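Chemist: Could you look at this predicted model? Sequence included:
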Amino acid sequence: MINDAAENTIEITRQENVTRILDAAERLFRHYGYSKTTVADIARDLGMSPANVYRFFESKDAIRDAICHRLLEQEHTMVEKIIASPGTAAERLERIILAINSYNRCQFVKDKRIHELVEVAIAENWEAVQNHCNALKGYYATVIAEGIASGEFAKGDPVATAESFFVLSAGLCHPTLIAQNNDEEAETRARGAAVLLVRSLRP
């Protein structure tokens, strides 16, 4: 029992340090940019040595990956709440698209420093980005399956339909494409496009 308690304490302390490092790194990435921030900068911000940071992350790339994963997980949590919320499948699918569009504009487009990080992640096809894309396809498939079962959407394979829906919705969800069309009419266009996308699934 004592050993278990000690191990739990060590793990809690470890997680607290991981969170502190990621919080500091994200803050510095947002302020100075990913490419201009070093592990030494992160360590200095936390009042610790670089060697101590390396105890928890083997490299700056590992810190970068963890931050990217954390930001995308926040998006997943948002989508999961919409899936579990009241409304028809069509209404929820439309809300998901618009929520992703809004989240990406706020997190990855308006914040130019974080947008730099995302651009690198997409260009290098990081594992976190791959997992994110697969997660979105899974979310779409879940709602589309519900819509098929209720008669809202045309009959078909929800997984295959979700794959196509993912490709067609890229202009509304991909940070780079959002950034290229991020003017004062962007939100209005996104709403119109989301309606058309969901309407294409109807019988």
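Modeler: That came through fine.

Chemist: and after the helix-or-strand element of the chain with minimal mean pLDDT, which helix or strand comes next?
Modeler: Ranking every helix and strand in the chain by mean pLDDT, DSSP states H and E puts helix 112-123 at the bottom, with a mean of 68. Using DSSP states H and E, the helix or strand that directly follows helix 112-123 along the chain is helix 127-150.

Chemist: any idea how far the helix or strand that that next one is followed by is from the chain center?
Modeler: Using DSSP H and E, the helix or strand that follows helix 127-150 towards the C-terminus is helix 158-168. Here the centre of mass of C-alpha atoms in helix 158-168, compared against the chain's by Cα atoms, centre = their mean, to the nearest Å, lies 18 Å away.

Chemist: And stretch 72-85, by the same measure?
Modeler: Distance of stretch 72-85 from the chain centroid (Cα atoms, centre = their mean) equals 10 Å.

Chemist: Only alpha carbons, please: show it as PDB.
Modeler: What follows is stretch 72-85, C-alpha atoms only, in PDB (Å, rounded to 0.1, in the frame of the first residue of the first chain):
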ATOM      1  CA  LEU A  72      -6.300  19.100 -31.000                       C
ATOM      2  CA  GLU A  73      -7.700  17.200 -28.000                       C
ATOM      3  CA  GLN A  74      -9.500  20.400 -27.000                       C
ATOM      4  CA  GLU A  75     -11.100  20.400 -30.400                       C
ATOM      5  CA  HIS A  76     -12.100  16.700 -30.000                       C
ATOM      6  CA  THR A  77     -13.700  17.500 -26.600                       C
ATOM      7  CA  MET A  78     -15.700  20.300 -28.200                       C
ATOM      8  CA  VAL A  79     -16.900  18.000 -31.000                       C
ATOM      9  CA  GLU A  80     -17.900  15.200 -28.600                       C
ATOM     10  CA  LYS A  81     -20.000  17.600 -26.600                       C
ATOM     11  CA  ILE A  82     -21.900  18.600 -29.800                       C
ATOM     12  CA  ILE A  83     -22.400  14.900 -30.800                       C
ATOM     13  CA  ALA A  84     -23.900  14.300 -27.300                       C
ATOM     14  CA  SER A  85     -26.100  17.400 -27.500                       C
END
